[in-house]
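Engineer: Got a sequence here, can you build the structure:
(2 chains)
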Amino acid sequence: MGKRDRLSGNEAVAVAMRQINPDVVAAFPITPSTEVPQYFAAFANDGLVDTEFVPVESEHSAMSACIGAEAAGARTMTATSANGLAYMWEMLYIAASSRLPIVLAAVNRALSGPINIHNDHSDTMGARDSGWVQLYGETNQEAYDNFIMAVKIAEHPDVCLPVMDCYDGFITSHSVEVIELLDDQDVKNFVGEYKPKAYLNNPNGKVSMGPLDMPAYYFEHKRQQAEAMKNAKRVILEVSEEFYKLTGRKYGLFEEYKMEDAEVAIVLLNSTAGTAKAVVDELRSKGVKAGLIKIRVFRPFPVDEIVAALKGLKAVAVMDKADGFNGAGGPLFTDITSALYGKADVKVINYIYGLGGRDVRTDDIEVVYDELLKIAETGSVKSVYNYLGIKE
Amino acid sequence: MAFKLKEEALKPERLTGGHRMCAGCGAPVVVRAVLRALKAEDQAVICSATGCLEVSTFMYPYTAWNDSFIHSAFENAGATISGAEAAYKAMKKKGKLPADQTIKFIAFGGDGGTYDIGLQSLSGAMERGHDMVYVCYDNGAYMNTGIQRSSATPRFADTTTSPAGSSVPGKQQQRKDLTAIMAAHHLPYVAQTAPLGSKHGGFKDLHEKAEKAIYTEGACFLNVLAPCPRGWRYDTPKLLEMTDIAVDTCVWPLYEIVDGKLTLSYIPKEKKPVEEYLKAQGRFRHVFKKGNEWMIEEIQKEVDRTWEDLLNRNETK
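Structural biologist: Here you go, the predicted structure:
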């Protein structure tokens, strides 16, 4: 089964899209996600898919057309980055609250301003409370695998929520890696056919969608949406298990790297995990009990599992590739610390790093572990909210 | 097929009564007339931009729509319906829908959701050529939020954001010619129409244009005058008097553009002075104050200019 191929992250996701053969893809170009619809348009125009490709005039219309298409009964996908995702904002919430299982390749890029095309996570972090499931991936392989799993997670009857497959712009989207592709037929079987319960184009039943929802019902609808997000955690694990049986590639809510006996650890997202793992290996070779947690599922946030994983550690650094502008820390940091509150007494510090594509090297990560080791030794935290690799 | 109101009126309503639109409002009258042009056997997917029409016809858990209906936001009815239409094409291609099933895609938006905030989305959908109809029910202001000026508001009209004040007398700008903008998209069918009183053939013009728009393949556009009793300030039974006088004064000319060829649908034997249109509406009361005669002259000049232009472009003489 499967075959190995050299692909960029964007190309891998476009290939996944081809293999899924969705009904509708509506997209608008924005760096660094542009290649996804670009490759896909070629697949469509070469007759390799049956998809209606809708080259809309903006990202707002991309998500609006996705909403119209998915509501009409079509399996629907798109891709975007940064300002494109921001321009979709209003529609992201409407897609989620309309319970439409759209899949979006979110190629992480710094959000303007100032304008910057390089990677950080300020775009998808801003959408973290929009009601979308968010999966993050370190490598091209993970971007590809998450995209395929996203379809099945989104469409699960206990979820019915849209899913973002988030991966780092340029670092993952444009770097070429050898990855393992599934057979087309295996992808087709894995995702199955999209069978919504109610849809606009149903010849046997009409439906009205997108009501004015007054105080008598709105609250209950939001409650149902919140329940769906809670259900998503179980469904993600079930789908990941099924994917493991098919591919041998195991995915959980987060990846624990050398955490069994770790005393200090970093928690982060996406491609920086590769750099951090190299540092963990180096420290381990010197006998330092360092570990790493790479979050895969950020929405829903795996609160209990994170607490279990961090409990008993002497010091933890959460690295955010997006600032929080709340005067207290980045978004991942505030979620981790609120998860720990009252459940585990762990010293946690925060580093904002890599904004606007600032390079993060192993010696930067070493600085973080050094600080953690100092905290572990002295038991005192000098500074909670910190910046890494910045010119002060 | 000749239009017979009595027969048309016997068709089951696709937008039922019991909705919450105001008495004397043009919008539901326009919607029902447009939907009557659908063949009984054809399914429709209707989309509405946020606005009076949407909030008054689909308040959870009640819907007045007998066809599938979607609302998603204010500025994106064009894009939303285009997605549903793309889904239809894909589902047909994949055999997910019966081959003999016809679904028609119709979007409705007020002038705010069409001329202003929804213009980009509309332009994109029209340019891409989805098989759909976009119907603007033009009442000349943001009526749902409380009568704020839009780019469709006529010059000098009194609205809550262009009030007839002591130093600035109402809206200062001409209205945008959206029908012309749509025609510039090289659409197969563009028309301007209105529900009218019996002396103008009643619903004939609107029905026939809706039928052509729905059954012409590709992206088609209808701009339909739909008076608002709150915004225009007229007595609710006078709805069709408002459209009749708009047509007789040539404030709202009726015409269609088929593959670029413009045909005027109605040329009044005697064009009535614009005062007759203005005096019927409270929003123009201030233009009749002593010293404001110049405003009426300006309005008349603009109506004459656009009418002359249309007469010159009229290819069916």
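Engineer: got a list of what B:Arg155 touches?
Structural biologist: B:170-175, B:298-299, B:302 (C-beta atoms under 8 Å, 6 or more residues apart in numbering or on different chains). C-betas here are computed from N, CA, C, even on glycine.
Engineer: Swap in 10 Å and give it another go.
Structural biologist: For B:Arg155, the contact set (C-beta atoms under 10 Å, 6 or more residues apart in numbering or on different chains) comprises B:162, B:170-175, B:287, B:295, B:298-299, B:302.
Engineer: right, and out of the residues you listed, which lies closest to chain A?
Structural biologist: B:Arg175 (24.0 Å; C-beta to the nearest C-beta).
Engineer: For that closest one, which three-state class applies?
Structural biologist: With DSSP: H, G, I helix; E, B strand; the rest coil as the basis, B:Arg175 sits in coil.
Engineer: ok, it - contacts?
Structural biologist: B:111, B:115, B:138, B:140, B:150-155, B:157, B:251, B:302, B:306.
Engineer: again, but for A:Thr78
Structural biologist: With C-beta under 10 Å, 6+ apart, A:Thr78 has these contacts: A:17, A:22, A:24-28, A:33, A:36-37, A:40, A:54, A:56, A:59, A:62-63, A:65-66, A:69, A:84, A:88, A:102-106, A:162.
Engineer: hang on, the earlier thing: make CSV out of the contacts of B:Arg155 and add pLDDT and secondary structure.
Structural biologist: Listed next are those as CSV, based on pLDDT from 0 to 100; DSSP: H, G, I helix; E, B strand; the rest coil:
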residue, pLDDT, secondary structure
B:Ser162, 98, strand
B:Gly170, 97, coil
B:Lys171, 98, coil
B:Gln172, 97, coil
B:Gln173, 98, coil
B:Gln174, 96, coil
B:Arg175, 97, coil
B:Val287, 98, helix
B:Met295, 98, helix
B:Glu298, 98, helix
B:Ile299, 98, helix
B:Glu302, 98, helix
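Engineer: domain ranges for chain A?
Structural biologist: A:3-247, A:254-387 (automatic domain parsing).
Engineer: any idea how far whatever helix or strand B:Asn312 lives in is from the chain center?
Structural biologist: Per DSSP states H and E, B:Asn312 falls inside helix B:293-313. Distance of helix B:293-313 from the chain centroid (C-alpha atoms, centre = their mean, to the nearest Å) equals 21 Å.
Engineer: Got a ChimeraX select line for the buried ones in the contacts of B:Arg155?
Structural biologist: Written as a ChimeraX command, the selection of buried residues from the contacts of B:Arg155, which uses 16 or more other C-beta atoms under 10 Å in any protein chain shown, is:
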select /B:162,170,171,175,287,295,299,302
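Engineer: Residue of the stretch 51-200 of chain A nearest chain B, please.
Structural biologist: A:Gly68 (2.8 Å).
Engineer: what about the nearest residue to that residue once chain neighbours are set aside, how many neighbours?
Structural biologist: Spatial nearest neighbour of A:Gly68, chain neighbours left out: B:Gly83 (2.8 Å); criterion: C-beta to C-beta, 6 or more residues apart in numbering or on different chains. Number of residues near B:Gly83 (other C-beta atoms under 10 Å in any protein chain shown) recorded here: 36.
Engineer: B:Gly83 contacts A:Phe53, doesn't it?
Structural biologist: No. Look at B:Gly83 against A:Phe53 with C-beta atoms under 10 Å: they stay out of range, at 12.0 Å.
Engineer: shared neighbours, these two?
Structural biologist: With C-beta under 10 Å, 6+ apart, B:Gly83 and A:Phe53 have common neighbours A:24, A:26.
Engineer: for A:Ala42, helix, strand, or coil?
Structural biologist: From three-state DSSP, the assignment for A:Ala42 is helix.
Engineer: how far away is it from B:Trp294?
Structural biologist: According to C-beta to C-beta, to the nearest Å, A:Ala42 and B:Trp294 sit 61 Å apart.
Engineer: Comparing those two, which shows the higher neighbour count?
Structural biologist: Legend: neighbour count by other C-beta under 10 Å for A:Ala42 and B:Trp294, higher for A:Ala42 (13 against 9).
Engineer: Please, where are all the strands along the stretch 1-150 of chain B?
Structural biologist: B:43-48, B:58-59, B:62-63, B:68-70, B:103-110, B:132-138 (DSSP state E, counting those that start in this stretch).
Engineer: Can you name the residues of the stretch 101-250 of chain A that neighbour chain B?
Structural biologist: Counting by C-beta under 10 Å from any C-beta of the partner chain, the stretch 101-250 of chain A comes close to chain B at A:193-195, A:198-214, A:216-218, A:220-221.
Engineer: Filter those down to the ones in helices?
Structural biologist: A:218, A:220-221 (DSSP state H).
Engineer: TSV please, covering those residues and showing distance to A:Ala228, pLDDT and neighbour count.
Structural biologist: TSV is the format used below for these (distance: C-beta to C-beta, whole Å; pLDDT from 0 to 100; neighbours: other C-beta atoms under 10 Å in any protein chain shown):
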residue	distance to A:Ala228	pLDDT	neighbour count
A:Tyr218	16	98	14
A:Glu220	13	98	11
A:His221	11	98	15
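Engineer: quick check: angle from the helix or strand containing the residue of the stretch 51-200 of chain A closest to chain B to strand B:103-110?
Structural biologist: Assigned by DSSP H and E, A:Gly68 belongs to helix A:59-72. Relative orientation of helix A:59-72 and strand B:103-110, computed by axes from the mean of the first three to the mean of the last three C-alpha atoms, to 10 degrees: 130 degrees.
Engineer: roughly how far is helix A:59-72 from the heart of the chain?
Structural biologist: Taking mean C-alpha positions (C-alpha atoms, centre = their mean), helix A:59-72 and its chain are 20 Å apart.
Engineer: OK, contacts around A:Ala290?
Structural biologist: Here A:Ala290 is in contact with A:257-259, A:262-266, A:276, A:279-284, A:365, A:368-369, A:372-373 (criterion: C-beta under 10 Å, 6+ apart).
Engineer: Please convert the buried members of those into ChimeraX selection syntax.
Structural biologist: In ChimeraX, this line selects whichever of those come out buried by 16+ other C-beta under 10 Å:
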select /A:257,258,259,262,264,265,266,276,279,280,283,365,368,369,372,373
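Engineer: From the contacts of A:Ala290, which land in strands?
Structural biologist: Residues from those lying in strands, with DSSP state E as the criterion: A:257, A:264-266.
Engineer: Show me which pair in those residues is furthest apart.
Structural biologist: A:Tyr257 and A:Val264 (12.8 Å; C-beta to C-beta).
Engineer: what about the closest residue in space to B:Thr80 that isn't next to it in sequence, how many neighbours?
Structural biologist: Distances taken as C-beta to C-beta, 6+ apart put A:Gly68 closest to B:Thr80, at 3.9 Å, once the chain neighbours are dropped. Neighbourhood size, A:Gly68 [other C-beta under 10 Å]: 37.
Engineer: residues in contact with A:Gly68?
Structural biologist: Here A:Gly68 is in contact with A:24, A:26, A:54, A:61, A:74, A:76, A:100, A:200, A:209, B:45, B:47, B:70, B:72, B:76-87, B:105, B:107, B:125 (C-beta under 10 Å, 6+ apart).
Engineer: at 7 Å instead, please
Structural biologist: Residues near A:Gly68 by C-beta atoms under 7 Å, 6 or more residues apart in numbering or on different chains: B:70, B:79-84.
Engineer: same check, this time on A:Ile266
Structural biologist: A:276, A:292, A:317, A:319, A:368.
Engineer: quick one: it from chain B, how far?
Structural biologist: Note on A:Ile266: its distance to chain B, by C-beta to the nearest C-beta, to the nearest Å, is 40 Å.
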